[in-house]
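J.: Let's see this in three dimensions:
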Amino acid sequence: MVVHRKPIGAVALVVITSMTLLMSGCSSDETKSLAGANAGPDGSPVEFKEPVRLTSKDGLLEVRLSAHQGTVELDTVPEPVTGFLVYGYELINGTSSDGSTEGDNMYPAPTLRVDPGERLIVHYDNDLQGLTIDDYYDPAFTPVGGEVPIYPQPLESSPLNLHTHGLHVSPDGNADNVLLDIPAGMGNVYDYAVPDDMPNGLYWYHSHRHTVTAQQTYMGLAGLLEIGRPDGNLPLVTQNDIPIREMALQYNFVFDRRGKGTELNDPNWPQFVSTLMPPEGNQLAEGTYSPSLAPTNFEKTTEGSEYVTNWYQGPLSPANHRGQNQFVPGNMQTFSSATKNVAADLSVPENERDVQYTINGQFQPALKLKPGQTEIWVLANISDFAYMPLRLTETATGNNPKFAVLGQDGNPFTQVQLPVDGDGTRLGIPPGSRYTIAVTMPQSGDLVLDMPPLEGAKPVSNPGVLYTNNGTENSPAVLGTVTIDPSIISYADGFFTFPTQKLLHVTADSGEGRTTKFEPGQALGAYTSFVDTSVMEPAVKRELVVSGGFSNNKASKNDPKAFTYEFAANTFPNIPLIQPRLNSVEEWLITNNNNDEHPMHIHVNDFQVMEIYSPITGTRTGVGRGARTTSTCPHRSPTRTRTPSRPQRRPCARNSPSTPALSSSTVIA
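T.: Residues are numbered from 1 along each chain as shown. Got it, this is the predicted structure:
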C-alpha cells in the first residue's frame, strides 16, 4: 500500500491544520491470509503491505485495544504461530484503511492515526490471563535465602500499561502514565489530548509495565502511531506528491521454522535458566541433566533438529555470556567439540532461518517501483533489543547510495542530513528510534535494503552447548565452543551480536517514475519542535552513570534474574527523582559503564544530543541538529544531551535511560 498526501495549509507557524489521508491500493487484501506463503524452498515473498490504519473522524479516534494471548500468521511458517501477545481492536469512532470495525491477532498491532490538536481515546483491556506460554516468565527476583528454581516460573497472568512513545502529552491521570499497573482482568481508559503544536511524524505505542516491557514488546504488544503526516508534513513531499511508506522493523525467533516449529520462542530464555549446579557424569549425554537451555517446545519440533547456545555454569558472574548470540540464527553459528562438530550452514535460505528480521511483520516483502521514482520511507524499530544497521545497494552498479535523512523520532529536520557516523552509506537504527529517509529507485537494476557486514568485526567465541532433539524430554547435549564468524556480523554493541540479512528487495516496475532530489544541507521547510539548545547556557549540568551488576541486596545472588541495571546510583526498578525548573535547559552527561549499549529515551520532552563518543568506532559526533526522543549511548562511553523543560508540555516527564524493560527515572519540573 502506498499513501499519498494532499496539500495542507498552515494557519500559523506552530499550528497545523487537520489532514486527510488519500490511499491508493487499499483493499481487502490487507486481511487476506498470508500464512506460509513464503515458507520453505517453494516459498515466495508476499506483496508489501502496511498494518491496518485506524484514523480519527471529526477530531476523535476512539478505539478499544484488548491485550491477550494469540496466534499470528507469519508468511515464513505454514501454520499459525502460537505464543504471541496481541491486541484485538474495536473501532468506536473513526475510519479504517480496510473498512473493518474490529480485528485481532495482528502483528504488528494496528496503526493509530490522529492529527495535531485532536483526541485519542483508548479503552485498554488487560486480558492477559489464563496464559499458557512456557517461556513468558515471572521477572520477580528470588529473595535472599530463597530457593532458586532452575527454570523461571511462567506467568499465568500478567500486568501491563500503555505508553505513547514520543508524544508531548501529560503523564498525569489517564494519559501517558508509564508507572501505572493494570492487573489482568482490569482495564483503563486512556485519554490523550494531542497538542496543536505536536510535530507531524511517526511515533509508536507499546506496553511499558516495568520488568515485563521487553517481553511484551517482543511478543507483539506494539504498533505505529501517526500524528498527522508520518513524513513530517514536508512541503516538497506535498508539492511533488511523493509516495510515503511506513516500515515497522521487528524480529521473531521460531525454532525449527523449516520443520515442525510453530511457536514463538523467547530468545532471552537461556539467560534466566539456572545452571548453578554442574552436570555430573554422563547426564548431558544421556539427556538427564536439568535444566535444559533448549527452547521450551524443543521435543515438539523435528526429531534430529539441533539447538546451540552459549554455556555457563555457576553463580552470577560477568563471565556469563549466555544470550550474547541470541539474535543470530542457529545456522549461522559454528559449534565444535571433541566428539561433535557442526559448521555454520550459510546455504540455508534466509526465509528458513529461525531468527528473522521483518518489515511490517513480513519477511522480505515484494515491492515494485518505477525506475527513477523517489519515495519517502519512514523506518521504525519497534523491537525490544535489536539494533538494525541498514544499507542500500543498487544491484546494477553495486553502488551504495548515501542515506538522505529527513527526520528522526517524529521530528522533521530543518535540512537534509546524512547519518552521523561513517560516510553516509550506513544508517543504524536502535530500538525505539524512527528515521525518515528519501529513497530513489535506480534507472536500471534493483534496489536492496539490508543489514550489511560490520567492517572491522571480530570473531565471537564462547563456551557452548549443543542439544539434539531425540523426540523426548531428555534430549542429549554436548559441551564445546560456539563461534560467530565476523563476516556475518552486522552489528556488535559490546555484548550482543546481530546478523547480516536482506530486509527488502525492490524490483523495477513498468513506466518511468518521478525523481525528487534531496541533497545534504537542502532546506526542508517543515514545522519542527526542535530548539537549538547548543547556543544556550544550561541552568544545571548533571552527570548520570549507567552501570549494572549485583548490588541488589534483596535478591539471591544465585538467581540469574538478580543481575540489574543501575542508573544514577539507583537499582532498577527503583528510580531516581530529578527536578529541573520550568523554562530551563539542563545538560546531562550520561556515561554508560556497561558492556552493552543503551538507547536513551526521554518521555514527553524532546532532547538535543551535544556529543556521543563511541569506543567501537573511536568517533565523536558533533552537535545534533534535530530533536530526538531516543538516542544510543554506546557501551563504556559518555553521551551529552540537553533537554529544555517546556511548560506547554505539562510539567512532568519520565526519562527511560535504556531499553523499554530496563529502567526509568522520574523527571519533575
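J.: Go ahead and confirm residue 265 touches residue 255.
T.: Yes: Residue 265 is within contact range of residue 255, at 5.0 Å (criterion: CB atoms under 8 Å). Any C-beta I mention is one placed from the backbone N, CA and C, and that applies to glycine too.
J.: any shared contact partners between those two?
T.: 295, 297 (CB atoms under 8 Å, 6 or more residues apart in numbering).
J.: which residues of the stretch 201-350 of the chain score low on pLDDT?
T.: Low-confidence regions of the stretch 201-350 of the chain, defined here as pLDDT under 70, do not occur.
J.: mind listing the strands for it?
T.: 201-206, 222-227, 244-253, 306-310, 334-336 (DSSP state E, counting those that start in this stretch).
J.: Name the residue closest to the centre of this protein, please.
T.: Nearest to the geometric centre of the chain sits residue 383, at 1.9 Å (CA atoms, centre = their mean).
J.: Please tell me I have it right and that one contacts residue 252.
T.: No: using CB under 8 Å, residue 383 and residue 252 do not qualify as a contacting pair, with a distance of 9.5 Å.
J.: among the strands of the stretch 201-350 of the chain, which is nearest residue 118?
T.: strand 222-227 (8.9 Å; CB to CB).
J.: and that closest one with strand 201-206, angle?
T.: 150 degrees (axes from the mean of the first three to the mean of the last three CA atoms, to 10 degrees).
J.: Contacts made by strand 222-227 with the rest, please.
T.: So strand 222-227 is contacted by 51, 53, 87, 108-116, 164-167, 194, 198-207, 246, 248, 250, 380, 382, 410 (CB under 8 Å, 6+ apart).
J.: what bits of the protein have low per-residue confidence?
T.: Across the chain (using pLDDT under 70), the flagged ranges come out as 1-33, 615-617, 625-669.
J.: Quickly find the element holding residue 168.
T.: Residue 168 belongs to no helix or strand when assigned by DSSP states H and E.
J.: give the contact list for it.
T.: Contacts of residue 168 (CB under 8 Å, 6+ apart): 195, 198, 529, 604-606, 649.
J.: ok, those residues vs residue 490, which is closest?
T.: residue 606 (28.7 Å).
J.: in this structure, what residue sits furthest out from the centroid?
T.: residue 281 (42.6 Å).
J.: Now residue 67, what are its backbone angles?
T.: phi -80, psi 130 (degrees, to the nearest 10).
J.: List the contacts of it.
T.: So residue 67 contacts 85-87, 124-128, 160, 207, 221 (CB under 8 Å, 6+ apart).
J.: Now render those as a markdown table, adding neighbour count, distance to residue 370 and secondary structure.
T.: Below are the contacts of residue 67 laid out as a markdown table (neighbours: other CB atoms under 10 Å; distance: CB to CB, whole Å; DSSP: H, G, I helix; E, B strand; the rest coil):
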| residue | neighbour count | distance to residue 370 | secondary structure |
| --- | --- | --- | --- |
| 85 | 28 | 39 | strand |
| 86 | 23 | 36 | strand |
| 87 | 30 | 36 | strand |
| 124 | 23 | 42 | strand |
| 125 | 19 | 44 | strand |
| 126 | 25 | 46 | strand |
| 127 | 20 | 45 | coil |
| 128 | 28 | 45 | coil |
| 160 | 25 | 44 | strand |
| 207 | 30 | 40 | coil |
| 221 | 27 | 37 | coil |
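J.: Kindly reformat the residues you listed as a markdown table containing distance to residue 563.
T.: Shown next, in a markdown table, are the contacts of residue 67 (distance: CB to CB, whole Å):
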| residue | distance to residue 563 |
| --- | --- |
| 85 | 24 |
| 86 | 30 |
| 87 | 31 |
| 124 | 31 |
| 125 | 33 |
| 126 | 28 |
| 127 | 31 |
| 128 | 25 |
| 160 | 24 |
| 207 | 23 |
| 221 | 24 |
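J.: ok, those vs residue 541, which is closest?
T.: Of the contacts of residue 67, the one sitting nearest to residue 541 (CB to CB) turns out to be residue 207, at 34.0 Å.
J.: buried subset of the contacts of strand 222-227?
T.: 51, 53, 87, 108-116, 164-167, 194, 198-207, 246, 248, 250, 380, 382, 410 (16 or more other CB atoms under 10 Å).
J.: so how far is residue 497 from the closest residue to residue 387 other than its chain neighbours?
T.: Nearest residue to residue 387 in three dimensions, chain neighbours excluded: residue 491, at 4.8 Å (CB to CB, 6 or more residues apart in numbering). To residue 497, residue 491 is 7 Å away according to CB to CB, to the nearest Å.
J.: what does stretch 285-296 contact?
T.: Contacts of stretch 285-296 (CB under 8 Å, 6+ apart): 134-135, 150-151, 255, 263, 265, 269-270, 273-275, 279-280, 283, 298, 301, 307, 309, 311, 322, 465, 467, 469-470, 472-478.
J.: List only buried entries from those.
T.: 134-135, 151, 255, 263, 265, 269-270, 273-275, 279, 298, 301, 307, 309, 311, 322, 465, 467, 469, 475-478.
J.: what distance separates the start and the end of stretch 553-565?
T.: Using CA to CA, to the nearest Å, the end-to-end distance of stretch 553-565 comes to 13 Å.
J.: same deal with stretch 405-416?
T.: Rule used - CA to CA; the end-to-end distance of stretch 405-416 is 6 Å.
J.: what about residue 314, neighbour count?
T.: 12 (other CB atoms under 10 Å).
J.: List the residues that contact it.
T.: Contacts of residue 314 (CB under 8 Å, 6+ apart): 275-276, 278, 320.
J.: most surrounded residue in those residues?
T.: Most crowded among the contacts of residue 314, counting by other CB under 10 Å, is residue 275 at 22 neighbours.
J.: May I see the contacts of residue 168 arranged in JSON lines, with distance to residue 176 as well?
T.: Compiled in JSON lines, the contacts of residue 168 are given as follows (distance: CB to CB, whole Å):
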{"residue": "195", "distance to residue 176": "12"}
{"residue": "198", "distance to residue 176": "13"}
{"residue": "529", "distance to residue 176": "16"}
{"residue": "604", "distance to residue 176": "7"}
{"residue": "605", "distance to residue 176": "12"}
{"residue": "606", "distance to residue 176": "14"}
{"residue": "649", "distance to residue 176": "11"}
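J.: just the buried members of those?
T.: Neighbour-count burial (16+ other CB under 10 Å) applied to the contacts of residue 168 gives 195, 198, 529, 604-606, 649.
J.: Return the subset of those lying in helices.
T.: Judged by DSSP state H, helices contain none of these.
J.: and of those residues, the nearest to residue 213?
T.: Nearest member of the buried ones among the contacts of residue 168 to residue 213, counting by CB to CB, is residue 604, at 17.5 Å.
J.: I'd like to check which residues are in contact with the residue lying closest to residue 471 once chain neighbours are set aside.
T.: Distances taken as CB to CB, 6+ apart place residue 303 nearest to residue 471, at 4.4 Å, with adjacent residues excluded. The contact partners of residue 303, taken as CB under 8 Å, 6+ apart, are 469-471.
J.: Relative to residue 593, which of these is nearest.
T.: Looking across the contacts of residue 303 and measuring by CB to CB, the closest to residue 593 is residue 469, at 40.4 Å.
J.: And the closest one, how far from residue 256?
T.: Taking CB to CB as the measure, residue 469 and residue 256 are separated by 8 Å.
J.: ranges for the strands of the stretch 51-200 of the chain?
T.: 53-55, 60-72, 81-93, 95-96, 102-103, 109-114, 119-126, 163-165, 187-193.
J.: Using JSON lines, lay out the ones you listed together with distance to residue 417.
T.: Below are the strands of the stretch 51-200 of the chain laid out as JSON lines (distance: least, CB to CB, whole Å):
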{"stretch": "strand 53-55", "distance to residue 417": "28"}
{"stretch": "strand 60-72", "distance to residue 417": "32"}
{"stretch": "strand 81-93", "distance to residue 417": "34"}
{"stretch": "strand 95-96", "distance to residue 417": "35"}
{"stretch": "strand 102-103", "distance to residue 417": "37"}
{"stretch": "strand 109-114", "distance to residue 417": "26"}
{"stretch": "strand 119-126", "distance to residue 417": "30"}
{"stretch": "strand 163-165", "distance to residue 417": "22"}
{"stretch": "strand 187-193", "distance to residue 417": "30"}
